[in-house]
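Engineer: kindly generate the corresponding structure for this input.
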Amino acid sequence: MHASNLRVQEALDAAGVSAEVRRLPESTHTAVAAAEVLGCSVGAIANSLVFMADDAPLLVMASGAAKVDTALLAELLSVGQVRRATPEEVRAATGFPIGGVAPVGHPAPLHTLVDVDLEQFPEIWAAGGTPDSIVGLTYVGLVTATGGTTTRVR
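Structural biologist: Numbering: from 1, shown residues only. Down below sits the predicted model:
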């Protein structure tokens, strides 16, 4: 297993969340690709999206079917602006490359929002630290592991 996958697995274990990082035979760097490989709805994919809320990184765990409303998030967080992070900002905040950003295992805790739309799925899937890895979680497991705040993101 790749070192990034191990970091994610250790974070899940430390949070007391029963989930296992799995490597897949092909890349799942997009929600559509992951849904095709897993045979699930794109909505059951938990995209790990990194934004900058003013100057602070923000992790948004959004349903693969959601388009995040940055103006809504800015209002919710009482910040001036929420914008997509650059690839360099993503790597600095999470330690992972775009396409493999996991919900946990970051160098430092991240302010995290979890999309309430994910709650409708009995199992959701998130990146496992590399573009070819995945972890299956329940909604409660995702919220527990991330310490995230549940909210609408669109």
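
Engineer: from here on, contacts and neighbour counts on C-alpha atoms
Structural biologist: Will do.

Engineer: chain center to the helix of greatest length in the chain, what's the gap?
Structural biologist: The longest helix of the chain (DSSP state H) is helix 3-14. For helix 3-14, the separation from the chain centroid amounts to 14 Å (computed by CA atoms, centre = their mean, to the nearest Å).

Engineer: what residues of that helix count as buried?
Structural biologist: Within helix 3-14, the residues that qualify as buried are 4, 5, 7, 8, 9, 10, 11, 12, counting by 16 or more other CA atoms under 10 Å.

Engineer: tell me, what residue is most central in this protein?
Structural biologist: residue 48 (2.5 Å; CA atoms, centre = their mean).

Engineer: next helix or strand past the helix or strand bottoming out on mean pLDDT in the chain?
Structural biologist: Among the helices and strands of the chain, helix 31-38 carries the lowest confidence by mean pLDDT, DSSP states H and E, at a mean of 83. Sequence-wise, the next helix or strand downstream of helix 31-38 (DSSP states H and E) is strand 45-53.

Engineer: strands paired with the helix or strand following that following strand, and their directions?
Structural biologist: Using DSSP H and E, the helix or strand that follows strand 45-53 towards the C-terminus is strand 56-63. In the sheet, strand 56-63 lines up against strand 45-53 (antiparallel), strand 111-115 (parallel) (DSSP bridges).

Engineer: most packed of those strands?
Structural biologist: strand 45-53 (a mean of 25; mean count of other CA atoms under 10 Å).
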